[in-house]
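Peer 1: Fold the following, please.
(3 chains)
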Amino acid sequence: MPELPEVEIARRNLVRWLDGRRVVRAEADDTRVFRGARRQDFASLQGRLESLERRGKYLLFTFEGGRGLMAHLGMTGRFLRRPEGVPVPYSRARFYLDSGEVIHFADSRLFGRMEPCPASRLYALDAVKELGRDPLAEGLTAGQLQEALGTSRQALKVALMDQGRVTGLGNIHAAEALYRAGLHPARAPASLSPAEWARLADAIHASIAFGLEEQQGDEPAYLEDGAENRFLVYGRAGTPCARCGATVESFTQGGRTTHCCPQCQPLHPARKPPDGRRKTAARRR
DNA sequence: GGATGCCTGTGG
DNA sequence: CCACAGGCATCC
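Peer 2: Residues are numbered from 1 along each chain as shown, chains lettered A, B, ... in the order given. Predicted coordinates:
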């Protein structure tokens, strides 16, 4: 389920865990995670980590000797550090460190993906080379955002989640950014004003910053049960919007559930600020 | 554009 | 029990 902030936290954790250490053994189980890739090459990922970059939701490892690894967490993937001998549920691949620790790639649903390849070819992988701008790694101005999304004929939220336009936003942070920007998820991208593009760019950075703050720490929090919902609209259908009190709606877009406040995110922006209360077609599930 | 499949876990 | 889950690919 991880989106850009969660993957970025995973990256920072991995960099810290591997700093000054060496991978003495790497092993990967025979699972769908490797798809068509050469799973046996995973074992050659040894020694020092030279760099670990993130593009969108992809992690790109470079180990000494020019060995590379592309990793994607899918919905339920995560990297965990444990002392050797501690069993990890759904561990699919492991790095054994000279410190006696083990870094596991655990993934219950197997939607995650790994592909070992020469480090020089990481950015040439199909999945990676087609990614759009990364708001955190590369920056994202209002103009760049408009350039990336403005030509889309999809609904605004669907376009935001198109990794080939802007990369890193998933269902939650797309919804959160649109709420922060006061833009309805079903708006047509071509209809946005310059001021709206600017608000959306700011909102994307704010949502990512919030996510980074929330997800800090060695143990990924996004899969823990019992965690309270800290998002502004995501998962809040049927409850009052914190800003205006209107009932948060949910509906389906592109096969995913979208949440928004019909009052704060008008589908048809008023020319002047609305002064009465409007009728909202709240759809609840 | 939309629907479906991939997997397993969890919550209503 | 069923519906749904923060992703992605593939099909029409």
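
Peer 1: Every contact and neighbour count from this point should use C-alpha atoms.
Peer 2: Will do.

Peer 1: Number of residues surrounding the closest residue to DNA strand B within chain A?
Peer 2: As assessed by C-alpha to the nearest atom of the strand, DNA strand B sits closest to A:Q154 within chain A, at 2.3 Å. When neighbours are defined as other C-alpha atoms under 10 Å, A:Q154 has 19 of them.

Peer 1: Contact partners for the nearest residue to it once chain neighbours are set aside?
Peer 2: In this structure, A:Q154 finds its nearest non-sequential neighbour in A:A188, 6.9 Å apart by C-alpha to C-alpha, 6 or more residues apart in numbering. By C-alpha atoms under 8 Å, 6 or more residues apart in numbering, the residues touching A:A188 are A:153-156.

Peer 1: Of those residues, which pair is most distant in space?
Peer 2: Between any two of these, the greatest separation by C-alpha to C-alpha is 8.4 Å, found for A:R153 and A:L156.

Peer 1: Look at the two and report which has more neighbours.
Peer 2: A:L156 (25 against 12).

Peer 1: Tell me who's in contact with that one.
Peer 2: Neighbouring residues of A:L156 by C-alpha under 8 Å, 6+ apart: A:149, A:184-189.

Peer 1: Identify, from the contacts of A:A188, the entry nearest to DNA strand C.
Peer 2: Looking at the contacts of A:A188 and their distance to DNA strand C, the nearest is A:Q154, at 13.4 Å (C-alpha to the nearest atom of the strand).

Peer 1: three-state assignment of that closest one?
Peer 2: coil (DSSP: H, G, I helix; E, B strand; the rest coil).

Peer 1: And what about A:S51, helix, strand or coil?
Peer 2: strand.

Peer 1: And the strands in the stretch 51-200 of chain A?
Peer 2: A:58-63, A:67-72, A:77-83, A:91-97, A:101-107, A:113-118 (DSSP state E, counting those that start in this stretch).

Peer 1: List the buried residues for the third one?
Peer 2: Within strand A:77-83, the residues scored as buried using 16 or more other C-alpha atoms under 10 Å are A:77-81.

Peer 1: Put the alpha carbons of that strand into PDB.
Peer 2: What follows is strand A:77-83, C-alpha atoms only, in PDB (Å, rounded to 0.1, in the frame of the first residue of the first chain):
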ATOM      1  CA  GLY A  77       5.600  -5.100   0.700                       C
ATOM      2  CA  ARG A  78       8.000  -3.800   3.400                       C
ATOM      3  CA  PHE A  79      11.600  -4.000   4.400                       C
ATOM      4  CA  LEU A  80      12.200  -5.100   7.900                       C
ATOM      5  CA  ARG A  81      15.400  -5.400   9.900                       C
ATOM      6  CA  ARG A  82      15.700  -8.200  12.400                       C
ATOM      7  CA  PRO A  83      18.400 -10.100  14.300                       C
END
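
Peer 1: Within the sheet, what are the partner strands of that strand, with directions?
Peer 2: The strands that strand A:77-83 pairs with in its sheet are strand A:101-107 (antiparallel) (by DSSP bridges).

Peer 1: could you check the angle strand A:67-72 makes with the partner strand?
Peer 2: 40 degrees (axes from the mean of the first three to the mean of the last three C-alpha atoms, to 10 degrees).

Peer 1: and the residue of the stretch 151-285 of chain A found nearest DNA strand C, how far is that from A:T62?
Peer 2: For the stretch 151-285 of chain A, the nearest residue to DNA strand C under the criterion C-alpha to the nearest atom of the strand is A:G170, separated by 3.1 Å. Noted for A:G170: a distance of 26 Å to A:T62, by C-alpha to C-alpha, to the nearest Å.
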